[in-house]
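Engineer: Take this sequence and fold it.
(one chain, ligands or ions: 1)
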Amino acid sequence: MSTHGEKFNPKLGKKAQSDPNQSRFVYKDDDDIDKAFNWKQFGRLFSYMRPYAKQMLPLILIMTVLGTVTKLAVPYLTGVVAIDGAIKGGDQKLLYIVTAAVLGLYLVQWVANVFRIRYTNIIGQRVIYDIRSSLFKHIQKLSFNFFDKRPAGSVLVRVTNDVNSLQDLFTNGAVNAMIDCVQLAGIMVILLLINWKLGLAVMITVPIMFFISTKLRQKIRMAWQDVRLKNSRINSHLNEAIQGIRVTQAYTQEKENMKFFNGMNADSRKSWNRASTMNQAFGPMIEITGGFGSMILFWYGTYLIQQGEVTVGLLVTFANYVGNFWDPINRLGQMYNQLLVAMASSERIFEFLDEEPSIDDKPGAKPLPKIRGDVNLEKVVFEYEPGRQALKGIDIEAKAGQSIALVGHTGSGKSTIINLLSRFYDVSEGSVKLDGNDVRDVKLESLRAQIGIVLQDTFIFSGTIRENIRFGRLDATDAEIEEVTRAVKAHDFIMALPGGYDTEVEERGSALSMGQRQLLSFARALLADPRILILDEATASIDTETELRIQEALKVLLEGRTSFIVAHRLSTIRHADKIIVLDHGEIKEQGTHAELIKHGGIYNGLVEAQFRFL
Ligand SMILES: Nc1ncnc2c1ncn2[C@@H]1O[C@H](COP(=O)(O)OP(=O)(O)OP(=O)(O)O)[C@@H](O)[C@H]1O
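Structural biologist: Numbering: from 1, shown residues only. Okay, here's the model as predicted:
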């Protein structure tokens, strides 16, 4: 693929769009690499440290000061006191004392560092925990239309990669920067105090060093960001590829997929190599500048010794301090870049956190009282996207305990109606009422607690069969679980499984057959015992025997509840109290099976067509 060898281009989104293969998996919201520094966001990010600041920051500060003071005392002791005082003055005792003091200082420094690192790690990990957990909590609350807009992979990448990229900043970056600033300021003061001329001469290199470490680091940072972006794409794609593995294999698209994956994989490798090469260039440049500083120091220092202004011991002290000078500058440059990377990640995290759920309790919403089960849709109009009506003025009246079947061609609006009943979306016009309460006026939790949903694509969570059924009502006893499984005739097949109710099932229930998964989801819904039941019937064909079992289970499940059934097999709805025939978002016919057959319209046609295929 020619485009994989392209020149480094930070705005990858544009490049990716020109490549048809790449454009399949472009997550453009993750593309922006370089952004201006945003103080407000910076403040918001660091506000996550606030709960721990009082408790831990003073300790960290004390350790930092202790570590820095002990570190800065050593060059002075070795140069001025040991060389100029003890060695030149021939004071053996002083030399011993200095040696012991230096040893002691190193020990204190070591202890201070150990504790500082421990405390910063604790803070860092707590902050990361908090961010990750608030992000997940928030994402769980977001409405369907949020997930409609983005692939699951890109949501996943934010919770994993973006949060992880804050890890470095919080676990050591921020505190190291503080230490470096203190150290740098300390060294500068000491250098100027010892000999301001020599001090100033050496500091000429500081701006050069800063320039190199920020500018070059900026390029390096962008290169690493690029690596991160490429890796995010791989992760996102991987998520999609694994989810869709059955389709891939069914259509024997493995080779195509592999080619695409390898393209992304190669991109990631190249991008890493590029970043790594840049990184390697950085060290020598800093060293050369450092060497330049040392050259000034020794050249000018020797001159000052000759002038009698400086002693040898002082020059050694100086050289030691200067040796400690480059590291903080270098690290601060690195830290600055780390901060910018973290800012980019936090921007994406905050974007999610700021996304308000479009469906939420309105102020003063009251809990929905226990309902009988009357459902009314009045003049309901709904648009997923502005200007495209999926429902064009729907009126449905369901009395408590009635079963309503929704039929119609694909895309006619059946799923949309059931999405509105549970208020996964809000109507654009009109209203949905349960026992006369508008669903928008009541607390969402109390609404959904009274509506049970059995979806086409039965989701089985990883865990045991028992846990999966208990998902319907968490406080259900084992006996109650068995009661519902017996009622929907799932008990026998569960007992036939190797571990019975404790059999572990896979994430998407792949260890179970389609019919078994349906029965489990019936049991789950029956356990929840909702007043209203929504059933989106599975489209997959199942054998007649299983179908009969499902029909029987369904009878148990529907008894005494208001139910809405999206039926694909028309045999399921023969006994429905009302069959509603939809077409392009409008109700075309409604009545009982017998009435509609007699009418000889769309429904009659659908029934005939189904029999023709049987
Ligand atoms: N999330 C969505 N975003 C935008 N448009 C949507 C969305 N979901 C459905 N639509 C559109 O709304 C219309 C009604 O779709 P709906 O899913 O309700 O049909 P359906 O009758 O349930 O079809 P099926 O029998 O295939 O499940 C269709 O034109 C569809 O393209």
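Engineer: ranges for the strands of this structure?
Structural biologist: Using DSSP state E, the strands of the chain run over 375-385, 388-398, 403-408, 429-434, 437-438, 451-454, 463-464, 504-505, 532-536, 562-566, 578-583, 586-591.
Engineer: any idea which helix is longest in this protein?
Structural biologist: For the chain, the helix reaching the highest residue count under DSSP state H is reported as helix 254-306.
Engineer: quick one: that one to chain centroid distance?
Structural biologist: Mean-position distance between helix 254-306 and its chain equals 31 Å (C-alpha atoms, centre = their mean, to the nearest Å).
Engineer: now stretch 398-414
Structural biologist: That offset, for stretch 398-414, works out to 37 Å (C-alpha atoms, centre = their mean).
Engineer: Turn the strands of the chain into TSV, columns for mean neighbour count and distance to Q41.
Structural biologist: To be clear about C-beta, it is placed using only N, CA and C from the backbone, and glycine gets the same treatment. Shown next, in TSV, are the strands of the chain (neighbours: other C-beta atoms under 10 Å; distance: least, C-beta to C-beta, whole Å):
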stretch	mean neighbour count	distance to Q41
strand 375-385	18	31
strand 388-398	18	36
strand 403-408	24	47
strand 429-434	19	39
strand 437-438	16	39
strand 451-454	24	39
strand 463-464	16	39
strand 504-505	18	43
strand 532-536	23	42
strand 562-566	25	45
strand 578-583	22	47
strand 586-591	17	48
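Engineer: need the ones you listed in JSON lines with distance to L191 and mean pLDDT, can you?
Structural biologist: Output for these, formatted as JSON lines (distance: least, C-beta to C-beta, whole Å; pLDDT from 0 to 100):
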{"stretch": "strand 375-385", "distance to L191": "66", "mean pLDDT": "92"}
{"stretch": "strand 388-398", "distance to L191": "71", "mean pLDDT": "92"}
{"stretch": "strand 403-408", "distance to L191": "81", "mean pLDDT": "90"}
{"stretch": "strand 429-434", "distance to L191": "75", "mean pLDDT": "93"}
{"stretch": "strand 437-438", "distance to L191": "74", "mean pLDDT": "92"}
{"stretch": "strand 451-454", "distance to L191": "72", "mean pLDDT": "86"}
{"stretch": "strand 463-464", "distance to L191": "64", "mean pLDDT": "86"}
{"stretch": "strand 504-505", "distance to L191": "67", "mean pLDDT": "84"}
{"stretch": "strand 532-536", "distance to L191": "75", "mean pLDDT": "88"}
{"stretch": "strand 562-566", "distance to L191": "79", "mean pLDDT": "90"}
{"stretch": "strand 578-583", "distance to L191": "82", "mean pLDDT": "92"}
{"stretch": "strand 586-591", "distance to L191": "83", "mean pLDDT": "92"}
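Engineer: Need those in TSV (columns: distance to V159).
Structural biologist: Below are the strands of the chain laid out as TSV (distance: least, C-beta to C-beta, whole Å):
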stretch	distance to V159
strand 375-385	26
strand 388-398	31
strand 403-408	36
strand 429-434	33
strand 437-438	35
strand 451-454	25
strand 463-464	21
strand 504-505	25
strand 532-536	28
strand 562-566	32
strand 578-583	38
strand 586-591	41
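Engineer: For T248, which residues are in contact?
Structural biologist: By C-beta atoms under 8 Å, 6 or more residues apart in numbering, T248 lies in contact with 241, 254, 257.
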